[in-house]
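1. Provided below are the primary sequence and the corresponding predicted coordinates.
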Amino acid sequence: MSATAQVDRPRPDSGTRGNANVGRLVVEGQDRPGIVSAVSAVLTGQGANILSLDQYSSGASAGFFFQRTVFDLPDFAARRPALESALAAQIGDELGLAFRVHQVCKPKRVAIFASRADHCVLDLLWRHRRGELDIDVVCVISNHPDLADDVRQFSVPYLHVPVGSDKRSAEQEHLKLLRGNVDLVVLARYMQILSEEFLDEVGVPVINIHHSFLPAFIGAAPYKKAKERGVKLVGATAHYVTKDLDEGPIIEQDVVRVTHAETAAELAQHGADVERLVLARAVKWHCEDRVIRHGNQTVVFSR
Ligand SMILES: Nc1nc2c(c(=O)[nH]1)N[C@@H](CN(C=O)c1ccc(C(=O)N[C@@H](CCC(=O)O)C(=O)O)cc1)CN2
């Protein structure tokens, strides 16, 4: 590992990072009275102490319920099976809700895809090196060789998988590298449209940063389209990837003011800062189990 990568760096005091006894519980489903009480009863009944709790109900009648709970469970690994069994019985079977449990000290394994633009992928690697992203960066995969040296400076494997006319063969190569090895794929300005088959086969969420304030300017060259439209704001959108281009559930967005005097290239420069920040927020929130997908929308329990 390079010398710079070994430099002590301030790590945000998350309070729970690396603590093997801390877990996160995400619960979602049809809303009804008493869910918060029932979830709390299961956790405390299994010896857990609730550290924080976020909850949202989408509406009085036929609404949906979403909850994220962080808890401390001594001897977590040994007691997790009993906890999940109790949740399955009392939250799943009795209340008809879906749930998932995560152990905080096991960061999500992330593969980052990039093409030629460096700002988003290098920003994620820089934030990871600084300790701002509690993730395990498994590799960077790109359809171009351009970024290899920059990425390898972060002691992260760089895998060049060219994409020609036969996109599926490239995707098959991707799947060999990813299947079973990652929990999340991040498209950091990766400029290839992923097939529906790939999205089904990769089996984990895929997050993309689109370089416009969706739903404006879907598809390629959004800054050129923005310049032609005479916009006064440019922005970026991080969303989950679906077969429908740039139509997936939005996780985070932001904008920056621009003027008539700026060229499309200058709009892109302003936008790049927003893209980096929006993608980093989305990756951080997803990997902290703060984002719950619901149809084509998301509930985000951000700080
Ligand atoms: N199935 C999906 N794949 C991708 C999505 C998505 O939402 N669903 N988002 C894009 C990212 N993107 C804009 O943010 C984007 C990337 C690429 C293109 C495009 O037209 N690509 C061409 C090839 C361009 C090239 O070779 O340089 C293509 O794939 O034919 C449009 C939008 C990432 N993938």
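-> Everything's here; your move. Residues are numbered from 1 along each chain as shown.

2. How about the residues of the stretch 151-300 of the chain by the ligand?
-> Contact residues (CB under 6 Å from any ligand atom) of the stretch 151-300 of the chain with the ligand: 187, 190-194, 208, 210, 219-220, 241, 243, 245-246, 248. Using the backbone N, CA and C atoms, a C-beta is placed for each residue, glycine as well.

3. Just list what the helix or strand containing residue 226 packs against, helices and strands only.
-> Assigned by DSSP states H and E, residue 226 falls within helix 222-229. With contacts taken as 3 or more CB pairs under 8 Å, 6 or more residues apart in numbering; DSSP states H and E, helix 222-229 sits against helix 264-287.

4. moving C-terminal of the helix it packs on, what's the next helix or strand?
-> As assigned by DSSP H and E, the chain's next helix or strand after helix 264-287 is strand 291-294.

5. Put the alpha carbons of that following strand into PDB.
-> Taking C-alpha atoms only, strand 291-294 is exported to PDB below (Å, rounded to 0.1, in the frame of the first residue of the first chain):
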ATOM      1  CA  VAL A 291     -32.400   4.000   1.900                       C
ATOM      2  CA  ILE A 292     -35.500   1.900   1.500                       C
ATOM      3  CA  ARG A 293     -36.800   1.400  -2.000                       C
ATOM      4  CA  HIS A 294     -40.600   1.500  -2.400                       C
END
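
6. What pairs with that strand, parallel or antiparallel?
-> Strands that pair with strand 291-294, judged by DSSP bridges, come out as strand 297-300 (antiparallel).

7. And the contacts of the strand it pairs with?
-> The contact list for strand 297-300, computed with CB atoms under 8 Å, 6 or more residues apart in numbering, reads 56, 66, 240, 249, 250, 251, 252, 285, 290, 291, 292.

8. Adding distance to residue 153, pLDDT and neighbour count, write those residues out as a markdown table.
-> Listed next are these as a markdown table, based on distance: CB to CB, whole Å; pLDDT from 0 to 100; neighbours: other CB atoms under 10 Å:
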| residue | distance to residue 153 | pLDDT | neighbour count |
| --- | --- | --- | --- |
| 56 | 41 | 97 | 17 |
| 66 | 40 | 98 | 20 |
| 240 | 30 | 98 | 20 |
| 249 | 33 | 98 | 18 |
| 250 | 32 | 98 | 19 |
| 251 | 28 | 98 | 26 |
| 252 | 27 | 98 | 24 |
| 285 | 27 | 98 | 19 |
| 290 | 30 | 98 | 21 |
| 291 | 30 | 98 | 24 |
| 292 | 35 | 98 | 21 |
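
9. Which two among those residues are spaced furthest apart?
-> Spanning the widest gap among these are 56 and 240, at 18.4 Å by CB to CB.

10. Quick check: pLDDT value at the residue of the stretch 1-150 of the chain found nearest the ligand.
-> Nearest to the ligand in the stretch 1-150 of the chain, going by CB to the nearest ligand atom, is residue 115, at a distance of 6.7 Å. pLDDT for residue 115: 98.

11. And for residue 12?
-> In this model, residue 12 is scored at 33, pLDDT.

12. The stretch 51-200 of the chain: strands as residue ranges?
-> 64-72, 98-103, 108-114, 135-142, 158-160, 184-187 (DSSP state E, counting those that start in this stretch).

13. Residue 20: neighbouring residues, count only.
-> By the criterion of other CB atoms under 10 Å, residue 20 has 14 neighbours.

14. residue contacts, it?
-> 76, 77, 103, 105.

15. again, only using 7 Å
-> 76, 105 (CB atoms under 7 Å, 6 or more residues apart in numbering).

16. Also the one 5 residues further on?
-> Residue 25 is in contact with 69, 71, 99, 101, counting by CB under 7 Å, 6+ apart.

17. I'd like those residues written out as JSON lines, with distance to the ligand, neighbour count and pLDDT added.
-> Converted to JSON lines, the contacts of residue 25 look like this (distance: CB to the nearest ligand atom, whole Å; neighbours: other CB atoms under 10 Å; pLDDT from 0 to 100):
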{"residue": "69", "distance to the ligand": "31", "neighbour count": "23", "pLDDT": "98"}
{"residue": "71", "distance to the ligand": "35", "neighbour count": "26", "pLDDT": "98"}
{"residue": "99", "distance to the ligand": "28", "neighbour count": "19", "pLDDT": "98"}
{"residue": "101", "distance to the ligand": "29", "neighbour count": "17", "pLDDT": "98"}
